[in-house]
Each structure stands twice: as structure tokens, then as C-alpha cells.
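S.K.: got a predicted structure here, sequence first:
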Amino acid sequence: MNILILGSGGREHALTWAVKQNPKCDKLIVAPGNAGIAQIAECADLDILDGGAVARFSEEEAIDFVIVGPEAPLAEGVADRLREAGILVFGPSKDAARLEASKSFTKEICDAANAPTAGYGHFTDAEAAKAHVRENGAPIVVKADGLAAGKGVIVAMDEQTALDAIDDMFGGAFGGAGAEVVIEEFMEGEEASLFVLVDGEDVLSIGTAQDHKRVGEGDTGLNTGGMGAYSPAPVLSAEIEAKAMEEIVKPTMKAMADRGMPYQGVLYAGLMIKDDQPRLVEYNVRFGDPECQVLMMRLGGQVLDLLQATAEGRLKDAQVNWADDHAITVVMAANGYPGSYEKGTEIKGLDALPEDSENMAFHAGTKAEDGKVLATGGRVLNITARGDNLQEARDRAYAMVDQIDWPEGFVRRDIGWRAL
Ligand code: AMP
Ligand code: GLY
């Protein structure tokens, strides 16, 4: 099978690594890829937001299956364009991708499905939004309706912060994404994520994870795309996971199908758990990054069969083979991230790292130049390890981190603390 994976982050390196382990995988191309991906697959320079270009490239390269990593091409309708061209693709349609691209759409679907989530109001003008905040008081959560690269959510602990956030959003701080605003009840509890495959009809859980969103140790400081993650998430017990499936995932997926927009791909359910009751915080229409890295480490080569079964509508008969293991990933980021940081600094020591089914240094923001590996992004490496328990996995991951020579980068030393 000839496979094309779209994306260039640590998530896509992990997907590539897992897919490549499956004996069914013949040609493997990643667009655009990065320096780590280039070591295990062919990289192609392609505008992945241009569905026509992706379809043409797939035809030229005799691609049998396209796996879409990030949300942006999905929100642009790249999966629809590929399906029109008769190419098998893993990832939801543009309509179904609204589950991530529009917060108000997701709330509507939750209402239709009677799925537990935060109470909310949806506003298209600032004064009405502010009146809602004054009526309900703080803490309260203000969200730009559209895609805002993870920055469109303000958890306001006081009223003034919420009112300022409304002004910012309607003032254009998030461009078109902030032209509509959702204001939510603040939910207390512990957050965890559930990842499920959905083939339009059937759903299959492929694991749970927790990430660390804050830049600083003890979960303090600014929000980031994620500084580390681990799987499984102990807070998502089998019982709570079953509740989340029955009360949230299955009814919302049925509501999508009922609306004529069946969902196909991976669904990432961000959950808030309190008193053994899960409530939906958000849906994403892709694997989490860096959550994908720990899931791929645990699933390995079978992931290709699972993604193919999803795309072909055969999940009913699919099964996940679980090992009773744990995985963790530690993000190495450029000094200064999530603020401004230097680009082009050299990373040494990667060649000496172990690369096997228990240890992998996934690349997130790197490029190769003159035989050197250079940092090109904020989040740069995802040092990932697996073990019989979380402590063992964590010790392995930090042992690798300590072998990397990159003075211009940093890690959080406490990934997994909540679970340990
Ligand atoms: P989102 O982009 O919707 O996942 O929001 C980003 C983060 O904001 C979440 O991971 C939560 O930590 C927090 N958050 C979002 N909505 C709520 C809510 N209704 N109550 C409490 N925290 C929230
Ligand atoms: N790690 C959070 C996300 O992928 O959205």
C-alpha cells in the first residue's frame, strides 16, 4: 500500500513511525515532513491546504491511502477533495471538521445529543456577550468561535478579564475566528483526553492521555500547545471512559450522522471529570500533539490497519490489541517558547539515542542542513518512551533528554506528576 501522510510536526513523525512498522506499508511519503521524518520516509514539498494539489500529487505517486495529520487541511476540505477523486482518506469532511472549527456548532450538536457539557451562550455582538458575563459572574470562560491556534480560550477568574476578552475578540484579536463568541460556564475537575476512531457509524476507543498545557513546572505559566503527555490517563478509569462513550461520543456521532454529516477519522474528546462524571470540554478532529506520540508508541504498526478500517467503514469488526503498558513524551522547546525564541540553533547528540519500540526521539520542529539538525520551531523534539509502568517510561524519557546537547532548548522536568 502506498501511503501519503500530511503534516510536519511531532504528531506526524509518530504516525509515520508507526505506519512504517506495518508490513502492508510500501511507499511512504510525508508532506511536508521534517528532519526526523526524512530519516524514515520520503518528504515532499506540497501545499497541504490545497486539496487539488494534494489530489494531483496522490494520483501521480499512485497513493492508495492519505492520512491527514493537522486540522487546517480538514477545515479547508482537503479530505472531501480527495474523496471526490476516489482516493481513500483518513480524516473528516469539511462539514464534520466544524466540530473543531466552530465551538458554537459543537455546543449545538451536544444539545441535540443531550451530551453533558458546560452551559453556554453564543453571541455575535459584544454588548450582549458582556451582559451575559455580568449576569453570570466569574469564573467564566470566553471562547472565540473559530480556529485560533489554541489561543482563543480565556478562562477568566474575574469579571473584568472576561469583559476585556470579549473586547479583544470582537476587536479582531483572533481575526475571523473571534467574530462570534461562545461564553461557557466554568467547569471544575481534572482534564483528560479520550481518542476514538469513528467510521461514520461505529466508534472504537484507541486510548486515553493527559497533557501538560502550561509552560512551567507544577502546571504554571503561559499556555502552550502541550509540554508533554502520557498514556493511559489514570483519571479516565474504564468506568468513566464507558460513560464518556455512551453519554457523549456515541450520541454526538449519531447526531452528526442524523444531520447528514457522518464523522470519519479520529475524534479527540477533551473531557473534564468531576465526581466520576465526564463532561465535554471540546472536540478536536485530529490526534492531539503531543498526545499522538504516546498513543503511537503504545499502538505501533497496527495503527495502519485501524486507520484503514476507519476510512473503509469497517470499524465494526476492528479490534485494538492492547499491551498493559505506559508511554510518556517530554517536549523539548526552544528557550523563550511560547513567547519569541531563536531559530536555527544546532541540536547535537541525537544520533547516539536509542531508537526502538520503547524509545523514540520524534522531531516536531527541525530541519537538516549540512549534516546538522537545526531547530526551526517552538516545540522542537518529543522525547518518547514506553515502559511497564509510568515511572519506568518516564525514567527512560528523561535519560534520553539528558543525552541531548542543545543549550538553546528546555524541558519541563515534571511531566506525569499528577499520575505519579
Ligand atoms: P479548548 O480550546 O476549548 O480546549 O480550551 C482550552 C482549555 O481551556 C481547556 O483545555 C481547559 O483547560 C480550559 N477550558 C475550556 N473550557 C472550559 C470550561 N468550560 N471550564 C473550565 N475550563 C475550560
Ligand atoms: N495537545 C493539545 C492539542 O493537540 O490540542
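M.R.: Yep, it's here. Ligands and ions are numbered 1, 2, ... in the order given.

S.K.: stretch 359-377 spans what distance, first to last residue?
M.R.: 22 Å (C-alpha to C-alpha, to the nearest Å).

S.K.: where does the residue nearest the centre of the chain land on pLDDT?
M.R.: A centroid search over the chain (C-alpha atoms, centre = their mean) returns residue 288, at 1.6 Å, as the residue closest to the centre. Model confidence at residue 288, given as pLDDT, is 97.

S.K.: just the helices in the stretch 301-420 of the chain please.
M.R.: 302-311, 390-401 (DSSP state H, counting those that start in this stretch).

S.K.: which one of the ones you listed lies nearest to ligand 1?
M.R.: helix 390-401 (21.2 Å; C-beta to the nearest ligand atom). Any C-beta I mention is one placed from the backbone N, CA and C, and that applies to glycine too.

S.K.: how far off centre is the closest one?
M.R.: Put simply, helix 390-401 sits 22 Å off its chain's centre (C-alpha atoms, centre = their mean, to the nearest Å).

S.K.: stretch 41-48 now?
M.R.: That offset, for stretch 41-48, works out to 20 Å (C-alpha atoms, centre = their mean).

S.K.: quick one: contacts of that stretch?
M.R.: Stretch 41-48 is contacted by residues 4-7, 16, 20, 27-34, 37, 53-54, 57, 61, 70, 72-73, 78 when judged by C-beta atoms under 8 Å, 6 or more residues apart in numbering.

S.K.: cool, stretch 77-89 as well?
M.R.: Applying C-beta under 8 Å, 6+ apart, the set of residues contacting stretch 77-89 is 6, 48-52, 54-55, 58-59, 63-68, 73, 91-94, 97, 265, 308, 311-312.

S.K.: hang on, isn't the residue nearest to the centre of the chain packed against residue 225?
M.R.: No. Judged on C-beta atoms under 8 Å, residue 288 makes no contact with residue 225 at a distance of 9.3 Å.

S.K.: tell me the pLDDT at residue 178?
M.R.: Model confidence at residue 178, given as pLDDT, is 63.

S.K.: quick check: the residue of the stretch 101-250 of the chain nearest ligand 2.
M.R.: Closest point on the stretch 101-250 of the chain to ligand 2, by C-beta to the nearest ligand atom, is residue 226, at 3.3 Å.

S.K.: and the gap between the residue nearest to residue 28 when sequence neighbours are not counted and ligand 2?
M.R.: Take residue 28 and drop its neighbours on the chain: the residue closest to it by C-beta to C-beta, 6 or more residues apart in numbering is residue 41, 4.4 Å away. Going from residue 41 to ligand 2 by C-beta to the nearest ligand atom, to the nearest Å gives 22 Å.

S.K.: residue 41: how many residues sit nearby?
M.R.: Close neighbours of residue 41, defined as other C-beta atoms under 10 Å, add up to 23.

S.K.: going forward, count from 11.
M.R.: Got it, the first residue is 11 from now on, which makes the last one we talked about residue 51.
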